[in-house]
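Q: model this:
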Amino acid sequence: MLRTLFFLLLTSACFLPLFSGTDEQIVRFSDLSFRDDAERELFRDHAGSTDPMKILAFLLTPYADGKSYPLGIATERINECVREMEKELSGRSPKKKIKYVYQHVHNTFLKVYSLENSFSALLEKGAYNCVSASALYAIVFSKLGIPYKIYEAPEHVYLLAYPDKEKIIIETTSPQNGYAGVSEEFMKKYVSAMVLNKLIVREELDTSTVSKVFNRYFFSSSDISLIQLAALQYNNFGVYASAAGADTASVKYFMKAAYLYKRERQNMVLRMVLGLELDRCNFTRKEDAKYLEIMCRYFTAGDRAVGEENIRNAFYRMTLEQLNNRSDYAMYEQSYKLVRSALKDSALLKEIDFVFHYELARIGSMTSKDKSYITGHLKAACDANPANTQLHGLVYEYFDQLTGITEDSGELLKLSEEFSNLFPFMNSNNRFSGFRADCLLDLAFKSFALNNISEGEMHLAKFEELCRKIPESIYKPFLVERAYSVGASAYYKKGNYKRAKQLLQTGLIYAPGNFGLQQRLREF
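A: Below you'll find the model as predicted:
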């Protein structure tokens, strides 16, 4: 069962198991979900505790929907056992003390070995494995004042009593059972990952066996704390849930284990579990975005197993499901904020920002969202990736959509100026500059027609300045003829023949060979 889980983790198509190389706290309290308020308060107040009786409360958490053994009764039973032994230990040598304690605790509590086990089950039924039994002995040793250390080994947990001198090993079950085992394939991939991440040199592997190198680095040479041992029980619960097909529950257990066990080993296990879960999720649950957020933390922490492509592809899938398929704008925005909060890489942040804002603008333009909403997302997408040609097309398309709402050249000119300020790339587009030129020519024509000569001149001056800046502007020649001809007529009526002639000549610069302008000029 345990080997099956690790095999599945290793064959995950998305996040391959590369060594994270970090002890950083990847999982935070806000990421966790709890069976009840009591467990929530326990994690909130005592996750860093060294008090064995506080940690006992963690250990009593049952698996799945099992019944928790009462803390008060558990405490009294352990205290009673300790009291029975205290009077028998006086004057004994360390080895005889340990032998007596080992046998007495075993006879009092431990009835039958069971791989799938919890500390509550140990007290309720006498069923134990090396994690629960080691935890019991550790608590008893603490109360008896016997020094000890807890160690992990491949497929096993054990205690070392009197670790500084006598170094008495306390075996609670067979080393081949009772703790999450690892397959040969897992060991090979793990060691290969260490070589890839340059944590070891290949020569070390060439002069030893994969198994020895794996054991040397995967299991810490230092001892673990009692709270970390409690974390291993949560880790085992995750294995049990995975084997039972309860994948969501499995991830939650592994997250609690990583929160309590602040070492890279548990971080790596969680990352593999999350990778598998993200591979098969469809991002319809809030938890899915949370898992992606945590995976982004691994990426930010420098875990080479989580590449940009992994994050990018997962975010694309999330966008497709939450926004395009489900139109759940609130959920998508919340998911985006979670992912973004966990990233620091500027290039990847810009990619995520671009996808988010581009898609909201695209769908917003299709569903007649408010103009400020659409232009806001278009501007944000442009800030993230100003050179994207698909974005350029969407901006021009939306601009064309807006220009169909009114024929007022003044309003259209204001709109074009707004877009030219928001989207600088538009200023180098010949047709867009031509559109602005057409608006100015039409405004000049209307001003001259109303005998507002100064305003007409102002619009012509802006038109000519625009053409000097962007000589390739594609404007309409008939608008040039109309504006300059009517302007010339306005001056002609006032007797200013010189300025009238100048306007016609200038108009021919912008509309060479225009028949109407030529005919009027011949009249002078």
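Q: When you work out contacts or count neighbours from here on, use the C-alpha atoms and nothing else.
A: Fine.
Q: List the contacts of residue 201.
A: Contacts for residue 201 were tallied using C-alpha atoms under 8 Å, 6 or more residues apart in numbering; they are residue 195.
Q: how close does it get to residue 145?
A: Distance of residue 201 to residue 145, computed by C-alpha to C-alpha, to the nearest Å: 43 Å.
Q: what do you get for residue 38?
A: Remark: distance between residue 38 and residue 145 (C-alpha to C-alpha) = 29 Å.
Q: There's contact between residue 482 and residue 445 in this structure, I believe.
A: Yes: judged on C-alpha atoms under 8 Å, residue 482 makes contact with residue 445 at a distance of 6.4 Å.
Q: More neighbours: these two, which one.
A: residue 445 (28 against 19; other C-alpha atoms under 10 Å).
Q: What residues sit buried inside stretch 455-467?
A: The neighbour-count criterion (16 or more other C-alpha atoms under 10 Å) identifies 455-457, 459-460, 462-464, 466-467 as the buried residues of stretch 455-467.
Q: And the contacts of that stretch?
A: Applying C-alpha under 8 Å, 6+ apart, the set of residues contacting stretch 455-467 from outside is 433, 437, 440-441, 443-448, 473, 487.
Q: Which parts of this structure are strands?
A: In the chain, strands defined by DSSP state E lie at 112-113, 127-128, 148-153, 156-161, 168-170, listed in chain order.
Q: what distance separates the last one from the centre of its chain?
A: Between the mean C-alpha location of strand 168-170 and the chain-wide mean there is a distance of 44 Å, by C-alpha atoms, centre = their mean, to the nearest Å.
Q: Give the pairing partners of it; include direction for each.
A: Sheet pairing of strand 168-170 (DSSP bridges) gives strand 156-161 (antiparallel).
Q: Could you count how many residues lie near residue 327?
A: With neighbours defined by other C-alpha under 10 Å, the count for residue 327 comes to 14.
Q: which ones are touching the closest residue to residue 143 other than its chain neighbours?
A: Of all residues beyond its chain neighbours, the one nearest residue 143 is residue 82 (7.2 Å), with distances taken as C-alpha to C-alpha, 6 or more residues apart in numbering. Shown here is residue 82, whose contacts under the criterion C-alpha under 8 Å, 6+ apart are 140, 143-144.
Q: and with 10 Å instead?
A: If a contact means C-alpha atoms under 10 Å, 6 or more residues apart in numbering, then residue 82 has 76, 101, 104-105, 139-141, 143-144 as its contacts.
Q: mind checking how far it is from residue 146?
A: Taking C-alpha to C-alpha as the measure, residue 82 falls 12 Å from residue 146.
Q: Also residue 355?
A: Using C-alpha to C-alpha, residue 355 is found at 60 Å from residue 146.
Q: Could I get the buried residues of stretch 455-467 in JSON lines, plus columns for distance to residue 376 and pLDDT?
A: Putting these into JSON lines (distance: C-alpha to C-alpha, whole Å; pLDDT from 0 to 100) gives the following:
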{"residue": "455", "distance to residue 376": "33", "pLDDT": "97"}
{"residue": "456", "distance to residue 376": "34", "pLDDT": "97"}
{"residue": "457", "distance to residue 376": "35", "pLDDT": "97"}
{"residue": "459", "distance to residue 376": "30", "pLDDT": "98"}
{"residue": "460", "distance to residue 376": "32", "pLDDT": "98"}
{"residue": "462", "distance to residue 376": "28", "pLDDT": "97"}
{"residue": "463", "distance to residue 376": "29", "pLDDT": "97"}
{"residue": "464", "distance to residue 376": "31", "pLDDT": "97"}
{"residue": "466", "distance to residue 376": "27", "pLDDT": "96"}
{"residue": "467", "distance to residue 376": "29", "pLDDT": "96"}
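Q: any chance of these in a markdown table, plus distance to residue 292?
A: Formatted as a markdown table, those follow (distance: C-alpha to C-alpha, whole Å):
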| residue | distance to residue 292 |
| --- | --- |
| 455 | 59 |
| 456 | 59 |
| 457 | 60 |
| 459 | 55 |
| 460 | 57 |
| 462 | 52 |
| 463 | 52 |
| 464 | 54 |
| 466 | 49 |
| 467 | 51 |
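Q: just those residues now: which is nearest residue 326?
A: The closest of the buried residues of stretch 455-467 to residue 326 turns out to be residue 466 (C-alpha to C-alpha; 45.7 Å).
Q: From residue 511, how far out is that closest one?
A: Look at residue 466 and residue 511: by C-alpha to C-alpha, they are 15 Å apart.
Q: Same check on residue 415?
A: For residue 415, the distance to residue 511 - C-alpha to C-alpha - is 26 Å.
Q: how about low-confidence regions in this structure?
A: 1-24, 154-155, 173-183, 186, 215, 218-221 (pLDDT under 70).
Q: how about a cut-off of 50?
A: Within the chain, the set of residues satisfying pLDDT under 50 comprises 1-21, 174-181.
Q: Find the centremost residue of it, please.
A: The chain has residue 293 as the residue nearest its centroid, 2.7 Å off, counting by C-alpha atoms, centre = their mean.
Q: List the contacts of that one.
A: The contact partners of residue 293, taken as C-alpha under 10 Å, 6+ apart, are 31, 287, 299, 311, 335-343.
Q: try it again with 6 Å
A: Under the criterion of C-alpha atoms under 6 Å, 6 or more residues apart in numbering, the contact partners of residue 293 comprise 338-339, 342.
Q: Neighbour count: residue 355 and residue 146, which is higher?
A: Between residue 355 and residue 146, residue 355 has the larger neighbour count (other C-alpha under 10 Å), namely 19 against 14.
Q: And residue 121, how far from residue 53?
A: 18 Å.
Q: ugh, wrong one, residue 193
A: When distance is defined by C-alpha to C-alpha, residue 193 is 39 Å away from residue 53.
Q: One more: residue 451?
A: Residue 451 sits 95 Å away from residue 53, going by C-alpha to C-alpha.
Q: What of residue 245?
A: Here residue 245 is placed at a distance of 33 Å from residue 53 (C-alpha to C-alpha).
Q: repeat for residue 318
A: Distance of residue 318 to residue 53, computed by C-alpha to C-alpha: 44 Å.
Q: out of the two, which sits in the more crowded spot?
A: For residue 318 and residue 53, the more surrounded residue by other C-alpha under 10 Å is residue 318, and the numbers stand at 23 against 16.
Q: how about the more buried one, what does it touch?
A: Applying C-alpha under 6 Å, 6+ apart to residue 318 gives the contacts residue 283.
Q: how much space is there between it and residue 172?
A: Between residue 318 and residue 172 the distance is 46 Å, computed by C-alpha to C-alpha.
Q: cool, and residue 223?
A: When C-alpha to C-alpha is the yardstick, residue 223 and residue 172 sit 17 Å from each other.
Q: repeat for residue 187
A: For residue 187, the distance to residue 172 under the criterion C-alpha to C-alpha works out to 25 Å.
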